[in-house]
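J.: Just to be clear, the model below is a prediction. Sequence and coordinates:
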Amino acid sequence: MSVIKIAVISDMHCMHSLSEKPVGHISTYLHSDDIGKSEARHPIKALKKLIEKEELETDLILCPGDITNFADKQGLITGWSFLEKIQDKIGAKHIIATVGNHDIENRNENVGNVFLDLQLLDPEYPNPSKLNDSNYWSLGYCFVEYENILVLNINSCFFQSNAVTAKKSKIDISQLEAIKNELAKKDLKKFEYRMVLIHHHPIAHSNMDYEDIDKLDNGDELIALVNQYKFQIIIHGHKHDARLTIFNSLPIFCAGSFSSLMNVIDMKSDNTFHIIYLESGESKGYIKSWIYAPQEGWVSRKDTRFPCLTGFGFKGDLNLLAREINDWLMASVLPNVSYYEKLLSSFPDLNFLTKENQMELAGILKNTYGLEFSPNYPNKPDVILKLIT
């Protein structure tokens, strides 16, 4: 089974420090005029260091929007150049981006075409093809095809042309019909990897502090459509709270925010960088995540709000898996303890457990067999051991 590796960098909110409102306020870690004297205190320099240290490589970089903040032009230019630097460092063949609401001046009545700056930014933005770009700007979506990869790139800000429409995001029924007609004509068998990239969330993404008022209108119709054509995952940004939801068997991944502080501190969330490891042909894979610690750089930690290792696509029986793990451990040379990596090599399906799956499995192992992971799920364990009773 082949695997594609996808780096996800969302909601950078890069801007010039003098564009902060009020001046002196800090709403992002990523200022375009910050030369980054300390690697640990600059998210991009720190990410380059992480890539070197862990020898990370990916096939694609996906950016689900909000490269800049409040349509700051300097932030847009610099933020895009940062993405290109990371592309070179991590060895990705392409960057595919989509428009976020902060990338456009959708509340300025004096702007005729809110997408003009983005259209002029770079021939490689938002897709590595002029034809794809043309469709994206004129239709509000496009298909990006690369070898065995198909990305449906949707502009969820397509209808946000003024202060009134800026408050909502939607995909129109006519767009959905056009997407369906195009999919019906494609030879989909040649695409082992099919994913959707969009800025706004197609399902409710509420939390205790913020009302969810900008969920994608007709998002349920979009999900039903891409499910019909066996897309494997939807990747979005906008909400600065990383979250993985399985909706009608389809993983919907909110990437959170790479460097913005807006809402992140309030929700006690983290700034995040991710690599998705997606299996070919099915909605199955796992996500490695790192959080940004301003004094340390990008780190993998225990007890983060969004786990630094989580999966999706497990379709087995957790009770059976627990029994097989117990039998495997009891038959091993040291029946009371084993390294998790050794366990994982014998049970690779552990990679594909969601956080909920992980917690349920941990409960079965402990209550039925007296086994426990250390540290326990949803952290990545180091060992599995037999409890002394």
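T.: Received it, and whenever you're ready, just let me know what you need.
J.: How about L361, nearest residue that isn't a chain neighbour?
T.: L318 (5.1 Å; Cβ to Cβ, 6 or more residues apart in numbering). From N, CA and C alone the C-beta is placed, and that goes for glycine too.
J.: and that neighbour, what are its phi and psi?
T.: L318 adopts backbone torsions of phi -70, psi -30, taken as degrees, to the nearest 10.
J.: Let me know how buried it is, in neighbour terms.
T.: For L318, the tally of surrounding residues (other Cβ atoms under 10 Å) stands at 17.
J.: ok, it to V114 distance?
T.: If you measure L318 against V114 using Cβ to Cβ, to the nearest Å, the figure is 48 Å.
J.: What segments of the stretch 1-150 of the chain are strands?
T.: 3-8, 60-63, 94-97, 141-146, 149-154 (DSSP state E, counting those that start in this stretch).
J.: of all those, which lies closest to F253?
T.: With Cβ to Cβ as the criterion, F253 lies closest to strand 3-8 of those, at 7.7 Å.
J.: buried sites along the closest one?
T.: For strand 3-8, the neighbour count (16 or more other Cβ atoms under 10 Å) marks I4, K5, I6, A7, V8 as buried.
J.: now stretch 76-85
T.: L76, I77, T78, G79, W80, F82, L83.
J.: do the same with stretch 17-37
T.: Buried residues in stretch 17-37 (16+ other Cβ under 10 Å): S17, S19, E20, S27, T28, Y29, L30, H31, S32, D34.
J.: List just the nearest of those to D122.
T.: Closest to D122, out of all of those and judged by Cβ to Cβ, is S32, at 15.6 Å.
J.: Nearest residue to that closest one in space, please, no chain neighbours.
T.: Excluding the flanking residues, the one nearest S32 by Cβ to Cβ, 6+ apart is T78, at 3.7 Å.
J.: how close does the one you found sit to N153?
T.: T78 is 23 Å from N153, by Cβ to Cβ.
J.: Kindly report the same for A224.
T.: Counting by Cβ to Cβ, the gap from A224 to N153 is 19 Å.
J.: Compare these two (neighbour count), which wins?
T.: More neighbours surround N153 than the other of A224 and N153, with 25 against 13 (other Cβ under 10 Å).
J.: Return the backbone torsion pair for the residue lying closest to the more buried one once chain neighbours are set aside.
T.: Once flanking residues are discounted, N153 sits nearest to L197: 4.9 Å by Cβ to Cβ, 6+ apart. L197 adopts backbone torsions of phi -120, psi 130, taken as degrees, to the nearest 10.
J.: does L197 have beta-bridge partners, and which?
T.: Assessed by DSSP bridges, L197 has beta-bridge partners N153, I235.
J.: which ones are touching D212?
T.: Counting by Cβ atoms under 8 Å, 6 or more residues apart in numbering, D212 touches H201, A204, H205, S206.
J.: Assign the first one to helix, strand or coil.
T.: Using DSSP: H, G, I helix; E, B strand; the rest coil, the structure places H201 in coil.
J.: Surely it and A255 touch.
T.: No: using Cβ atoms under 8 Å, H201 is not in contact with A255, being 10.8 Å away.
J.: For those two, work out which one has more neighbours and name it.
T.: It is A255, of H201 and A255, that has more neighbours when counted by other Cβ under 10 Å, with 29 against 24.
J.: what's the pLDDT at that one?
T.: If you check A255, the pLDDT there is 98.
J.: any low-confidence regions in the protein?
T.: 1, 107-112, 207-211, 389 (pLDDT under 70).
J.: Longest helix in it, please.
T.: Longest helix of the chain, by residue count under DSSP state H: helix 73-90.
J.: on that earlier part again, could you single out the nearest of the buried residues of stretch 76-85 to P123?
T.: W80 (11.6 Å).
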